[in-house]
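Novice: Need a 3D model of the sequence below.
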Amino acid sequence: MDHTQEEVIAVRKNGDGDIVELQLTSGRVVDYKTAQSMVKNNEIAGLNVFKGRDHEEHLRSNADGRKDNNLDNLPTF
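Specialist: Numbering: from 1, shown residues only. As a prediction, the model looks like this:
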């Protein structure tokens with residue numbers, strides 16, 4: 001089985017503007033919690049999981065000096 005990392009190419013947001021689903025390079029769509037697990041398992045490239053002030057875990061793009069690949073700036077689907 002091929003274990004290359006996928007990347008997020010698009011996001012779906014709810015009415016509050018929060019990301020609820022992510023579309024991967026394979027075309028697969030995963031929910032936010034699944035994406036967090038995949039990041040922890042090194043299955044998705046370019047993201048990391050961090051604990052916010054609300055003590056919840058959140059996804060964010062790795063800091064690379066670019067804004068165009070930040071999750072909030074990706075195309076929606």
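Novice: can you give me the helices for the protein?
Specialist: Secondary structure of the chain by DSSP state H: the helices cover 32-40.
Novice: which stretches of it have low pLDDT?
Specialist: 1-3 (pLDDT under 70).
Novice: Go again with 50.
Specialist: 1 (pLDDT under 50).
Novice: which residues in it form strands?
Specialist: Secondary structure of the chain by DSSP state E: the strands cover 8-13, 19-24, 29-31, 47-51, 57-61.
Novice: Show me what the last one is packed against.
Specialist: If contacts are counted by 3 or more C-beta pairs under 8 Å, 6 or more residues apart in numbering; DSSP states H and E, strand 57-61 sits against helix 32-40, strand 47-51. In short, each C-beta sits where N, CA and C put it, glycine included.
Novice: Ok, the second one next?
Specialist: Here strand 19-24 touches strand 8-13, strand 29-31, helix 32-40, going by 3+ C-beta pairs under 8 Å, 6+ apart.
Novice: show me what contacts Ile19?
Specialist: The neighbours of Ile19, taking C-beta atoms under 8 Å, 6 or more residues apart in numbering as the test, are 11-13, 32, 59, 71-72.
Novice: Weed out the non-buried ones from these.
Specialist: 11, 32, 59, 71 (16 or more other C-beta atoms under 10 Å).
Novice: What separation do you get for the spatially closest residue to the third one that is not a sequence neighbour and Val39?
Specialist: In this structure, Leu59 finds its nearest non-sequential neighbour in Leu47, 5.4 Å apart by C-beta to C-beta, 6 or more residues apart in numbering. Using C-beta to C-beta, to the nearest Å, one obtains 5 Å as the distance from Leu47 to Val39.
Novice: Likewise for Thr4?
Specialist: Using C-beta to C-beta, Thr4 is found at 15 Å from Val39.
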